[in-house]
Every structure is written in structure tokens, then in C-alpha cells.
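[1] fold the following for me, if possible:
(chains A, B, C and D)
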4 protein chains.
Amino acid sequence: MAFRSKLKIRFGDIDRAGIVYYPRFMHYFHVAMEEFFAAELGVEYHTVIDTHRIGLPTMHLESDFSRPFSYGDIMEVEVRVLKLGRTSIIFGYLVFKHGDADPRIVGHNVAVCLDMDSFQKMEFPKWLRQLFEEQIAVSLE
Amino acid sequence: MAFRSKLKIRFGDIDRAGIVYYPRFMHYFHVAMEEFFAAELGVEYHTVIDTHRIGLPTMHLESDFSRPFSYGDIMEVEVRVLKLGRTSIIFGYLVFKHGDADPRIVGHNVAVCLDMDSFQKMEFPKWLRQLFEEQIAVSLE
Amino acid sequence: MAFRSKLKIRFGDIDRAGIVYYPRFMHYFHVAMEEFFAAELGVEYHTVIDTHRIGLPTMHLESDFSRPFSYGDIMEVEVRVLKLGRTSIIFGYLVFKHGDADPRIVGHNVAVCLDMDSFQKMEFPKWLRQLFEEQIAVSLE
Amino acid sequence: MAFRSKLKIRFGDIDRAGIVYYPRFMHYFHVAMEEFFAAELGVEYHTVIDTHRIGLPTMHLESDFSRPFSYGDIMEVEVRVLKLGRTSIIFGYLVFKHGDADPRIVGHNVAVCLDMDSFQKMEFPKWLRQLFEEQIAVSLE
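    Numbers count the residues shown, from 1 in each chain, chains lettered A, B, ... in the order given. From the prediction side, this is the model:
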């Protein structure tokens, strides 16, 4: 089963319209991805950045929002590796209200593998590629 | 010429990788849209929400990021009305580093016209439709 | 023992100086207070606001920061009721790096009891006062 | 006259209670301080950090909030140098609603001069001390 990060909507996430300010979901995509690294890949994202000096900046982002979230809702953010290239990766996100069968938000982002010292695009190192590949297998189960 | 909102990258916008945290750009899209309402439509977005009780929640979002922004950069966020439907609108955004000819970020969002009291989708009222239509004309100039 | 909320420093919490942007801690104070309501008072903060129509806006805030937090650190935010008045309450916060004996941040805020409909200050209702009083007792143990 | 930074309350600044989420003001204190550097000291804050490698992390923060801000309000954040030590500085902030005579928020923070390379406290370099001293004089006018 795909990984899900359980996150609570916070008081400060709500906007003037009484629902979650949509840029906050992009933050939660990122938070869920960080959790995905720790829980599924077995390496903390901060270690990838600070120790391995690899960054994953977003080049493309797409998201559909079908129903809003309110204060007090619990989100489950499902994270998958949708596609893996030599120098890029696509992460998919589904955001469920806890208990719901259908996601309220469906999104994905394309990130590139970046050498944090030269700030140049690079191929994924073998160890990281392997970790991502295992996740693609999990997603297809 | 299309409207541009001049915004400064702030100290707190920067992430662990030393560049702007990408969810911040979704916030800046929104801020630029708020400025667009005030400067081009002649009605403040807070008036649209609080007085006219009309909201514009985002249903779809798409964005391409070609080059990062750093602390100290000045952004110019260009806002256009790309398309206008009976109950929905597409806003386009181009984010330039001040002085650059080419945008570093190209995005758009689809927003629906929402009755803030019933939280139901509604047709744009005539006055608001008219204001948006004038902007499409401007964009085509 | 006083309540502690375990929270992770996120990628987006870090500022240009490579440490947590200090306004983020004020957000985490609030998040920990929300967790405190759910876990210790037995009532969700969103229920207090949305159902009981009681808000707790901050009138005074004070905080000392002795050592910074970095990306990847786990925080434990201890929340206590330090003092309870007829219409106001003081919450105390200690922020520990997980595993540390001494807090890196010590803060408190004074919040008033607000009628969310009239936006006027009011006395705490008896049920809420009682819940807070039990927490003062816990803090003194 | 003391420096004032004019800032607009944004849609995303508002919380579930319909007023500005108070941690946002700490962000606006920082934004106004950044503006103060550019406008009054004549050196951009990002230059201080990135070129001179000097940071100003906050060690103490205090703030009083007497009246809330709503969506659509324009803030004027007054920034002053209240006190200057060998290795620390106190910045004062007054937040006015545009047009008001009295501030709604009064705050200050104590920041230390930090060597960004060693992350050790240091004395302010002479050029920076001089710039701050001139500001104290302005504040007393």
C-alpha cells in the first residue's frame, strides 16, 4: 500500500474564505514528501540535502482541488513515485480527508536532481535511484 | 501592457536549499492577483469577498519553474485573465526577475465563482464579468 | 508531567541564515497549544472556536531564544497553563530539542477570552475554566 | 521622523478567527526591518548576510497586541533602533493601521551580531555600528 502522511489542518492554515489557503497544500505536499523519505526510503530528506548535497527543486507542479478542507480536518497525504528518469523524478500526491474513500486533491510535481554545491543538474546516484525504484514497485502492487 | 506586481523576495521565503521555497510562489501568485484586483479591476479583492460575498477558490493549478530566485531578488509578477467562463476564470502568471526579459516561472490557475454564503458555485455577476472581460481585451493588446 | 507536542522542523521552516525563521516558532507555539487542547483538555480548539464560538486572541507575547534549531531537528514543545484570570489566560511554552534536558526557547503568551460573535471580551464559561484549572494543578505536580 | 514600511494585509494572513494570525506579525516585523535596512541604513539586509556574512538572530522578543487587523487593512510598521550594545541591538516596532494615530501593536526584539561563518557572537563591525548609531539619533529627533 502506498505511504500516507497524516497531517492536521491548523488554525493558521485557514484563509479569509474560511477554508485552507491553497498554497498551504503545496507546503503539505512537501512535508508529506519529507515524511515519505524518512518512512519509506529510509533516509531523511535533510540528510539527502545536508550530507549527500543533493537537492530536488520542483520544475513543474500540477494540482486539482475538488473539495475544500476546513479547520479541524485531518488530512492523509498519499505520496508515490510516479516516474523516474535519469535526472528527474515525478512524485504523485493524493490528499484525502481522513475516512474518505476519494481524494479531494490530486497533484504531482516534477523535481530534478541537483548537485547542491555546483547547483547543476546531475544524474541520480545509484543508491538513491535504487531507493526510488523500489518505491515504484510498491506503487504498482 | 499587462499588469505587473513588484514584490521582493524576503528572508523568510528562503528554504534549506538557499532558494525560494516553491510553495511561496503560490502565495505570491495570490498576492499579485489581489494587487491586480485593486489596480486593474478597480475593486479590492477583500471587498469582493467581504461585501459582495463572492469567493474564487482554485480548482486547478499548474506551474513551471525554470530558474530559481534568491534572497534579495525583486520579482515582477504579471497577471492576466487568460479565459473567462460562465462560472470559472483562468488567471495566468509570469514571474520575472526584475530586469530580465524572460520569465522564470509560468503558471495559471482555474478558479470558480463561489457564493460565499451558500458555498455553491454560481455564475459571475454581470458587473464582475464585465471587469474581467475588459482585462481580456487588455491582455490581447 | 506537562504535555509535550512532538513536532519536526520542516524544509520550509529554514531561513536564509540556515536556521529556523523565528516567526515559525510562534506558529509552533500555536500548533502545540492546539494539540494541548485535544490531548489534555479533551476538547479540540476548532470546536472551541466553531461550536462554542470562543476565541483566544493573543494580547501579549514574550519569548527567549537561546540556541537555534536546524533542519532535521525534532522539537518537543511543552505547553502549560501558567495563570488563569477571569477573562484571560497565560500559556507557557518550553521548546526542547528532542533528547536535550534544557529548553532552547522559553516563551509565554497572554490570551483573552473572546466572544466570537460580538468580538467582545468575556469571562471564561465555567466548563472551560474548569478544564484550565485542572491543567494548572497538573503543572504544579 | 522614524521609518515606516507600508504593508498590506493579505488574504492568506487571516486565520480561522477572521483576523490576522498573530505569528504573521512577527514575519511583518522582519519584513519591515529588511525594508529599514534598505531605506534607512542604505545597505540591503541580504547584502549584510550574504556579502558581509553577518546575521542578526533574535534572542528575545516581546509584543503587545491591543487591536486586531482585518483583511484589507493597510499596516504601517514603524522601525527604530532602540538600543545598541557591543554585540547586540534592540529594534522597536510600532504597527499602525493606516490613518490611525495610535499603534495597535508595540513590540521589540533583541538581536545579536553573529558571524555567519563561525556562527559565533561577534562585535558589530565599525561601519555597521555607525549606521545603527545614526538611526538612534534619528529616533531621538
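[2] show me what contacts A:Met59?
    The neighbours of A:Met59, taking Cβ atoms under 8 Å, 6 or more residues apart in numbering or on different chains as the test, are A:Ser88, A:Val110, A:Ala111, A:Val112, B:Asp64, B:Phe65, B:Ser66. The C-beta positions use only the backbone N, C-alpha and C, and glycine is treated the same way.
[3] by neighbour count, which of those residues wins?
    Neighbour counts for the contacts of A:Met59, by other Cβ atoms under 10 Å in any protein chain shown, peak at B:Phe65, which reaches 23 neighbours.
[4] can you give me the neighbour number for A:Pro125?
    If you count neighbours by other Cβ under 10 Å, A:Pro125 ends up with 11.
[5] I'd guessed it sits against A:His52; true?
    Yes. A:Pro125 lies in contact with A:His52 (Cβ atoms under 8 Å); the separation is 7.5 Å.
[6] would you mind measuring from A:Met33 to A:Leu41?
    Plainly put, A:Met33 is 10 Å away from A:Leu41 if you go by Cβ to Cβ, to the nearest Å.
[7] who in chain A is up against chain B?
    A:16-17, A:19, A:21-24, A:26-27, A:29-30, A:46, A:49-50, A:55, A:57-66, A:68, A:114, A:116 (Cβ under 8 Å from any Cβ of the partner chain).
[8] now, those that are in strands?
    Assigned to strands by DSSP state E, the following of the residues of chain A next to chain B qualify: A:Gly55, A:Thr58, A:Met59, A:His60, A:Leu61, A:Glu62, A:Ser63, A:Asp64, A:Phe65, A:Leu114.
[9] for the residues you listed, work out which two are farthest apart.
    Among these, the pair separated by the greatest distance (Cβ to Cβ) is A:Phe65 and A:Leu114, at 28.3 Å.
[10] redo the contacts of A:Met59 as JSON lines? Include distance to chain D.
    Output for the contacts of A:Met59, formatted as JSON lines (distance: Cβ to the nearest Cβ, whole Å):
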{"residue": "A:Ser88", "distance to chain D": "29"}
{"residue": "A:Val110", "distance to chain D": "25"}
{"residue": "A:Ala111", "distance to chain D": "24"}
{"residue": "A:Val112", "distance to chain D": "24"}
{"residue": "B:Asp64", "distance to chain D": "22"}
{"residue": "B:Phe65", "distance to chain D": "20"}
{"residue": "B:Ser66", "distance to chain D": "22"}
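[11] as a markdown table, those with pLDDT and distance to chain C would be great.
    Converted to a markdown table, the contacts of A:Met59 look like this (pLDDT from 0 to 100; distance: Cβ to the nearest Cβ, whole Å):
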| residue | pLDDT | distance to chain C |
| --- | --- | --- |
| A:Ser88 | 98 | 19 |
| A:Val110 | 98 | 18 |
| A:Ala111 | 98 | 12 |
| A:Val112 | 98 | 16 |
| B:Asp64 | 98 | 20 |
| B:Phe65 | 98 | 15 |
| B:Ser66 | 96 | 21 |
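[12] closest to D:Arg129 out of those?
    Sorting the contacts of A:Met59 by distance to D:Arg129 puts B:Phe65 at the head of the list, at 40.3 Å, by Cβ to Cβ.
[13] can you tell me the element the residue nearest in space to the middle of chain A falls in?
    For chain A, the residue nearest the mean C-alpha position is A:Met33 (3.3 Å; Cα atoms, centre = their mean). Assessed by DSSP states H and E, A:Met33 sits inside helix A:23-36.
[14] A:Glu134 belongs to a helix?
    Yes. Judged by DSSP: H, G, I helix; E, B strand; the rest coil, A:Glu134 forms part of a helix.
[15] what's the neighbour count on it?
    A:Glu134 - counted by other Cβ under 10 Å - has 14 other residues nearby.
[16] pLDDT score for it?
    pLDDT for A:Glu134: 93.
[17] can you tell me how far it sits from chain C?
    Noted for A:Glu134: a distance of 23 Å to chain C, by Cβ to the nearest Cβ, to the nearest Å.
[18] and A:Thr47, by the same measure?
    For A:Thr47, the distance to chain C equals 7 Å [Cβ to the nearest Cβ].
[19] in contact with that residue: list those residues for me.
    Per Cβ under 8 Å, 6+ apart, neighbours of A:Thr47: C:Gly72.
[20] roughly how far apart are it and C:Tyr71?
    Noted for A:Thr47: a distance of 10 Å to C:Tyr71, by Cβ to Cβ.
[21] so A:Ile89 touches A:Cys113, yeah?
    Yes. Contact criterion Cβ under 8 Å: A:Ile89 and A:Cys113 qualify, at 7.4 Å.
[22] hey, what's in contact with both of these two?
    Both A:Ile89 and A:Cys113 are contacted by A:Leu56, A:Phe124, under the criterion Cβ under 8 Å, 6+ apart.
[23] tell me, how many residues neighbour A:Ala137?
    Here the number of neighbours of A:Ala137 (other Cβ under 10 Å) works out to 9.
[24] show me where chain A dips below the pLDDT cut-off.
    Confidence mapping of chain A against pLDDT under 70 gives the ranges A:139-141.
[25] show me where it has helices.
    With DSSP state H applied, chain A shows helices at A:23-36, A:45-50, A:126-140, listed in chain order.
[26] highest average neighbour count across those helices?
    Burial of the helices of chain A is given as mean neighbour count (mean count of other Cβ atoms under 10 Å in any protein chain shown); helix A:23-36 ranks first at a mean of 23.
[27] and that helix with strand B:58-65, angle?
    60 degrees (axes from the mean of the first three to the mean of the last three Cα atoms, to 10 degrees).
[28] from B:Ala17, how far out is the spatially closest residue to A:Ile54 that is not a sequence neighbour?
    Among residues not flanking A:Ile54 along the chain, A:Val48 sits closest, at 5.3 Å (Cβ to Cβ, 6 or more residues apart in numbering or on different chains). Distance of A:Val48 to B:Ala17, given as Cβ to Cβ: 11 Å.
[29] one step back: quick one: closest of the helices of chain A to C:Val106.
    Nearest to C:Val106 among the helices of chain A is helix A:45-50 (25.4 Å), distances taken as Cβ to Cβ.
[30] so how far is that closest one off the chain centroid?
    Relative to the centre of its chain, helix A:45-50 is centred 15 Å away, using Cα atoms, centre = their mean, to the nearest Å.
[31] list the contacts for A:Phe11?
    So, once contact is read as Cβ under 8 Å, 6+ apart, A:Phe11 ends up touching A:Tyr71, C:His30, C:Val31, C:Glu34, C:Tyr45, C:His46, C:Ile49, D:Asp15, D:Arg16, D:Ala17, D:Tyr21.
[32] and those residues, which is closest to B:Asp100?
    Of all the contacts of A:Phe11, B:Asp100 sits closest to D:Tyr21, with 33.4 Å by Cβ to Cβ.
[33] mind listing what's buried in stretch A:110-120?
    By neighbour count with 16 or more other Cβ atoms under 10 Å in any protein chain shown, stretch A:110-120 contains the buried residues A:Val110, A:Ala111, A:Val112, A:Cys113, A:Leu114, A:Met116.
[34] please report the distance of the third one from A:Val43.
    When Cβ to Cβ is the yardstick, A:Val112 and A:Val43 sit 18 Å from each other.
[35] next one: the second one
    Using Cβ to Cβ, one obtains 16 Å as the distance from A:Ala111 to A:Val43.
[36] equivalent analysis for A:Phe25, please.
    Counting by Cβ to Cβ - A:Phe25 and A:Val43 are separated by 25 Å.
[37] how many residues are close by A:Lys83?
    14.
[38] contacting residues around it?
    The contact partners of A:Lys83, by Cβ under 8 Å, 6+ apart, come to A:Ile89, A:Ile90, A:Ile136.
[39] all good on my end, thank you.
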